[in-house]
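Asks: got a sequence here, can you build the structure:
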Amino acid sequence: MTVFTELELGVLEAIQAIKCGFLDFIVPKISFLGNSGLIWIIAAIALLCFKKTRKWGVTLAVALILCLVLNNITLKNLVARPRPFQVDTTIQLIIDPPNEYSFPSGHALTGFAAATVLMYYDKKRLGPIAFALAAIIGFTRLYLRVHFPSDVLGGAITGVFFGFLAIAAAQAAYNAAERFRDKKAKEK
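Replies: Predicted coordinates:
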């Protein structure tokens with residue numbers, strides 16, 4: 001075990017100082033919101049339902065697809081980092097053990113990608129709420145000891161990058177569609 005890994009396990013152990021029955025009850029439920037990007041998928045669907053926020057929903061959906069393809073299918077398998085409970089077999093989990101690799105945290109990555117998109121479109125309300133929720137969900141992964149701190153930090157940083165990538169891709173698609181509509185209108 002490396003010194004860095006021992007340091008990260010120490011951070012996870014320090015977080016356990018706040019462990020109590022209430023948190024053991026509520027933290028898995030908060031973490032569940034991030035499972036498969038659930039809360040962010042629901043948000044994208046809700047945003048797609050209203051004309052005013054449809055572009056936001058499309059951009060959020062693009063971000064979620066990027067997270068799935070570039071993280072869960074690609075990046076996690078390339079890095080292939082074991083989870084804390086696989087490194088320190090004395091760790092007792094209070095949730096079922098996740099079966100994917102640890103780095104980067106998909107919960108943090110998806111949350112921060114979604115929060116970046118929502119902050120881009122709504123800096124006053126949805127964006128700050130989304131960033132707070134993404135950070136809380138990221139923390140739950142540490143409390144539950146299913147990720148190292150660097151997994152969550154790496155997920156957050158990569159998620160922000162994926163969020164900006166989704167914004168750029170969606171904007172390019174919208175611009176191309178607008179040029180196509182303008183061209184068709186001129187032809188009539």
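Asks: which residues in this protein form helices?
Replies: Applying DSSP state H to the chain gives helices spanning 3-15, 21-32, 38-48, 54-66, 76-79, 84-87, 106-121, 126-143, 149-187.
Asks: mind checking those helices for the one nearest to residue 96?
Replies: Proximity to residue 96 (C-beta to C-beta) singles out helix 21-32 among the helices of the chain, at 9.5 Å. All C-beta atoms are positioned from the backbone trio N, CA, C, and that covers glycine.
Asks: now do the closest one against helix 106-121, angle only.
Replies: Orientation check (axes from the mean of the first three to the mean of the last three C-alpha atoms, to 10 degrees): helix 21-32 against helix 106-121 gives 70 degrees.
Asks: grab the nearest non-local neighbour of the residue nearest in space to the middle of the chain.
Replies: Central residue of the chain (C-alpha atoms, centre = their mean): residue 110, 1.9 Å from the mean position. Distance criterion C-beta to C-beta, 6 or more residues apart in numbering; nearest residue to residue 110, sequence neighbours excluded, is residue 37 at 4.3 Å.
Asks: in this structure that neighbour contacts residue 67, no?
Replies: Yes: here residue 37 reaches residue 67: they are 6.6 Å apart, a contact under C-beta atoms under 8 Å.
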